[in-house]
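In: here is my input, please return the structure:
(2 chains)
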There are 2 protein chains.
Amino acid sequence: MRLPVDFHTHHGAFGAYGSFTLGNAGAGGGFNIHDGRAPTKGEVHVGFARPNQAAFLPFSSPSAADLSAFAGSGAGAERETRRVSIVAADSIERELGWGTDTWRSEELSFALATPFGSVPDPRSAGWEALAPHILPAIWAELSLDNSRSDEPALLVAGLAPKDAGAAPLPLPGLVGVDFQGRFGMATSSGNGAKVYAGFSPMDCIGPDLAPRPPHWLGTSWGLCWPVPAGKRLSVRFALGWYHAGPATAGPSTVYGYTRVWKDLEDVLAAAVGCTEASWETARERDRELETLSPERRWLLSHATRGYFGNSQLLSTPAGDPVYVVNEGEYCMMNTLDLSVDQVFFEGRFFPWATREVLDLAVDRYSFLDRLKVPGDTILHEGGVSFCHDMGVRNMFSEAGTSSYEVADLEGCFSHMAFEQVCNWVVLAAHHLHSSGDGNWLARNRDLLESLRTSLERREHPDPSLRRGVPGTDSARCGSGTEITTYDSLDPSLSQARGNLYAAVKLWAAYLALERLSRAAGIPWESAARDASRVAEAIEAWPREDDALSALLETRTRSAILPAVECLVHPHVWGDRDAVSPRGRFGGMIRTLEAHLDAVLEFGLCRFADGGWRLSSTSDNSWLSKIFLVQRVAERVFARPPDRRADAAHVSWLSPGSAAWGFTDQIESGKGIGSRYYPRGVTAILFLDS
Amino acid sequence: MRLPVDFHTHHGAFGAYGSFTLGNAGAGGGFNIHDGRAPTKGEVHVGFARPNQAAFLPFSSPSAADLSAFAGSGAGAERETRRVSIVAADSIERELGWGTDTWRSEELSFALATPFGSVPDPRSAGWEALAPHILPAIWAELSLDNSRSDEPALLVAGLAPKDAGAAPLPLPGLVGVDFQGRFGMATSSGNGAKVYAGFSPMDCIGPDLAPRPPHWLGTSWGLCWPVPAGKRLSVRFALGWYHAGPATAGPSTVYGYTRVWKDLEDVLAAAVGCTEASWETARERDRELETLSPERRWLLSHATRGYFGNSQLLSTPAGDPVYVVNEGEYCMMNTLDLSVDQVFFEGRFFPWATREVLDLAVDRYSFLDRLKVPGDTILHEGGVSFCHDMGVRNMFSEAGTSSYEVADLEGCFSHMAFEQVCNWVVLAAHHLHSSGDGNWLARNRDLLESLRTSLERREHPDPSLRRGVPGTDSARCGSGTEITTYDSLDPSLSQARGNLYAAVKLWAAYLALERLSRAAGIPWESAARDASRVAEAIEAWPREDDALSALLETRTRSAILPAVECLVHPHVWGDRDAVSPRGRFGGMIRTLEAHLDAVLEFGLCRFADGGWRLSSTSDNSWLSKIFLVQRVAERVFARPPDRRADAAHVSWLSPGSAAWGFTDQIESGKGIGSRYYPRGVTAILFLDS
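Out: Next up, the predicted model:
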């Protein structure tokens, strides 16, 4: 397939919860800072001017000077006599790699580098050691081949953020623009760059292609470079941003990068200084994906940008790190059911981030639960659980509460206490697997005991009535019932009790706890029995042909792909026996394998375009979760990669969700929710490691 | 006339460059922080609910729960069964006082107190002494008369700022909401208040009128109070805001209030603590305007809110104060031609603010000018002048430059070097008049000499060719020419050279400089000659009947009110002789008096509605400037107040500019620019003092 040209994507940096977002044709773009959602409404201008015409790349949105606020002034607009065109998207090639994003037209090319790599642990390495890894900046390269033209040209790269407040960067050796100390661009003064500023890009450029004296009252500004007739020019510049002062309230933190970079000028100077190294790192990331199919390379690259656009490394006043991943357009902080999926990505580059989330969940967002048992009037002890999230929109929620969960509901916004216990335990096992951090485990020794109780009692408080499936609801639900992370799908996935997906997650959690307990030297005799009880329940699960019912007791026609999702965990831990049809849970594994084949082969879990459908009775399917199931299908059950599905999934994002960055919730090929989402990094499981 | 009900107005606090802005029917509103323009798009909800219905004041905009981002969830909206109505604006009485703004319907009343008063000088008193004066907070009072109802009710006051991030205020003794640490509301827990939060105000209130458990993921939240059937209830609460971290860049400053109030919680606790005193101060300000006509009371009260919504008291890292007034929707900082008009207001309450602006103008925004003389090819020495402004949108411009002025223009955005010399000198004389600060004057002794040279040479570098009118242009104009503050009016006011308004301003500047020189003990023998030269020029000015031509040499049909504007300065300094028809400039004064009568009586400077027109050839008229001319007409020339004009001026603001707070540029009765403007405080000249 021809890969998409027309789509917005984040271009962010680790921990900086900000991005230079653009790409959707005609939509403009710009910076979003301290926010992982759409950029503040603004224009982007990347292109070139000749004496009588100018051309911009498709995402650009150059408008004429708007002086309407200066009532009656009548100045300015009549100076724009140049014919302005936008290069057609279908004459452009766009190549999205893991570290670079490149647009190429006949004469012009533009690329953005968003390098990333392993980040040292701030607790052991200290903030200074993190400095190069947490620079809130990205790098651009702009080239014009003017060799076949007998006219001079001017390369132009600028913004019009719909607000005033720009000024020239007052740094020796640099040419650049500082916008309110919040974002800007800069390059080395050696490459011939000049600054322009005024009420529209074309109004800023005189008929001789020289920029007019900057008018900083205007809202349009940027850098420009002359290119003589018959010549080629390629220039690089940096884009950076800065959020000073508090980043969160209740508790108050600041961005980690403010510990080592004192302001925007500092950031831009450093960014220009490490231009070469940054491009090298970005290209190195690009090369790592060469073995993937073009579709998967694109999916992982797009998803990775969604993750970094939502990642936030903070510091307490005392200098302790706090790591937050924000939930895309919903802005919920450290949603634990996202963390458990993002761990595959985090474990590769910054495993300590998982530890920070686990610890904060224990310290501030754990609680001792009580349980409701259907038919019972009294409440039972439930053991420890965790909140769904830690707050919303940079505001930590009160200790022991999430922003999402409320009482007395049957569906969306109800509690997820069962699933969050599983998530914490599974996440902890991943953390141990990738970090081998025995000290951390020792510190959490006592908690493991409580978690075991919590998991077991959520089947049933009475051991003799445990059936290997979640059978209770948190008392926090009030008159309602627990849900799962699949909150906006149909009841086949959203009800926790007696749910097939939840049961397999419970099994994975028992395995995780067993690994943790063993490593911590805690005897747990019933471990195998607990996991086997779930496996037996799955073997005996009601089915039609081989397709298992989504719910144990309620009659439903739904078939669900996430039945196999949680096999990914022992698979990634390298526990081949656990997921082998001939292993200790062989009966369950064979049952799930037959289920997967059945729901895919019968077309129950496929859309018309070949994309995968999480629930046969819902048109809403989530890409990040599909990627997990694809890994299980290919690596646990050795099914061949479904390239038709991959192509469909690409099309769900562009054109299906072109306006919103990586989007997770897709209804019949169109994005409907979870826009600008971080969780797509489950696509890292497309890689071998 | 019935005073307006339907209009947006700032409700701000001294130096806090922020506001709780609302009032325009159906427009919602909310906070604007670190910004003097429109509030961030949001809803405001002030009203009450009964079991089956709810009613809100006209500015409220309660919408139903919007859960579209939670794709497929289907939760929430169906719980809103209460019939919601908006009280009709024509059944409401709104009373805008200097310190309070009150809405009254049959059962409900709501008032906002924005107290202000004399503010100590931070340089001598220190920041601690300023603490109560720079609290970024306002106060609300909400009352329901439920005495004739046999149903209980719930008073509701809340916001829906179109973004998540609210949490309950964790302060003992208080009930309130903290939104991202940036703004919030609080009241004493003793008055029965409860917090609500969710996806719409009505979805948050159960059928029994009890608020449901708060759902902080929602974007709608506030306070509510039960009112039993047959009872009355009146409650007070505080609204506060906070901008931590840098307030400006290049140079970097923070808000002064951050020196004494550490965060939003601190602000809200302090605000609740001084509720009674704040209402007393606000009412005291209300009472001061009792002698004014209702129209003038309304105009001054509305304009005062525009000023405070744009006022910004900052602190350097070293703790030195920096005072900025931002220019409404244009956000230019300390525009000197606004300062010179706002001095009448500042001189009453915080005369030191004028000193800060004068000093910053000298230290960072003065320059040694050169002059162009028409017909001459060489440039002449010009003496000191000042930039039009000090930057835009919280970004200080480079030293020695403004954000507004650029070269090579004939109109809007050209340089104003002549007028800014006059403005600095006149402002300095006002400062001396209101503060008597001889030390300050002594520090600026040398500058006075340079200013005299600068003023004189701007007539003409050759003393023998000075004609009492500005006759040169700053070399900064390049190929263009200087303009005046009246940049968007027709050429009758916008060209500086040979301009009638500018000539009278030059005369006022000579008088100002004479006062300053005399106080500083600087001999200036030619002082009387300089001023008299202007007076003679005015006496000899070309005219048609008694109406003076706006320009000396260009043939124009324009008649302009601002010809008399600058008489206000010696009038306010108490120099009766200077403005007396029988005084030392009697000929000029009689000429201007005849001019004023002529342009008003012939209807040249009146609109059809009776409002005043600054230039007979422009439909664009500026309220703040009209107020100055009204003062001159009434107090210098003893003309009776023009109540028909006052009523027209009120209508220009509402309905004419209802959506934008105090608006200065009015085209035939409708606001077209200078929205959310500070300069309307020239209306303080309606008062006797």
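
In: and for stretch A:598-615, what are the contacting residues?
Out: For stretch A:598-615, the external contacting residues (Cβ atoms under 8 Å, 6 or more residues apart in numbering or on different chains) are A:486, A:489-490, A:492-493, A:545-547, A:550, A:558-562, A:616, A:619-622, A:625-626, A:629-630, A:633, A:642, A:644-645, A:647-649, A:651-652, A:666, A:668-669. Bear in mind the C-beta positions are built from the backbone N, C-alpha and C, glycine included.

In: taking chain A, what residue is nearest to chain B?
Out: In chain A, the residue that lies nearest chain B is A:G245 (1.9 Å; Cβ to the nearest Cβ).

In: check the contacts of stretch A:598-615 against chain B, which are close?
Out: Subset of the contacts of stretch A:598-615 in contact with chain B: A:L489, A:N620, counting by Cβ under 8 Å from any Cβ of the partner chain.

In: which ones among the contacts of stretch A:598-615 are found in strands?
Out: Judged by DSSP state E, the subset of the contacts of stretch A:598-615 located in strands is A:A547, A:N620, A:S621, A:W622, A:I666.

In: which of the residues you listed lies closest to A:A164?
Out: A:I666 (39.1 Å; Cβ to Cβ).

In: so that closest one bridges to which residues?
Out: Note on A:I666: beta-bridge partners A:S621, A:G671, judged by DSSP bridges.

In: tally of neighbours for it?
Out: A:I666 has 29 neighbours, counted by other Cβ atoms under 10 Å in any protein chain shown.

In: cool, and the one 3 residues further on?
Out: Other residues lying near A:G669 total 19 when counted by other Cβ under 10 Å.

In: that one contacts A:W652, doesn't it?
Out: Yes. A:G669 is within contact range of A:W652, at 5.3 Å (criterion: Cβ atoms under 8 Å).

In: contact distance from chain B - what residues of the stretch 151-300 of chain A qualify?
Out: Residues of the stretch 151-300 of chain A lying near chain B (Cβ under 8 Å from any Cβ): A:163-168, A:170, A:178-181, A:212-213, A:215-217, A:244-246, A:248-250, A:252, A:263-264.

In: just the buried ones from those?
Out: Buried by 16 or more other Cβ atoms under 10 Å in any protein chain shown: A:163-168, A:178-181, A:212, A:215-217, A:244-246, A:248-250, A:252, A:263-264, out of those.

In: next, the nearest residue to A:C566 once chain neighbours are set aside: secondary structure please.
Out: With Cβ to Cβ, 6 or more residues apart in numbering or on different chains as the criterion, A:C566 has its nearest non-adjacent residue at 4.0 Å, and that residue is A:A508. What DSSP: H, G, I helix; E, B strand; the rest coil gives for A:A508 is helix.

In: what of A:A535?
Out: Following three-state DSSP, A:A535 is assigned to helix.

In: for it, give me its contacts.
Out: Contacts of A:A535 (Cβ under 8 Å, 6+ apart): A:G468, A:W507, A:F585, A:G587, A:M588.

In: again, but for A:V324
Out: A:V324 sits next to A:Y17, A:T248, A:S311, A:Q312, A:L313, A:L314, A:M333, A:N334, A:M390 when contact means Cβ under 8 Å, 6+ apart.

In: return the subset of those residues lying in strands.
Out: A:S311, A:Q312, A:L313, A:L314.

In: what pLDDT does the first one get?
Out: This points to A:S311. A:S311 carries a pLDDT value of 98.
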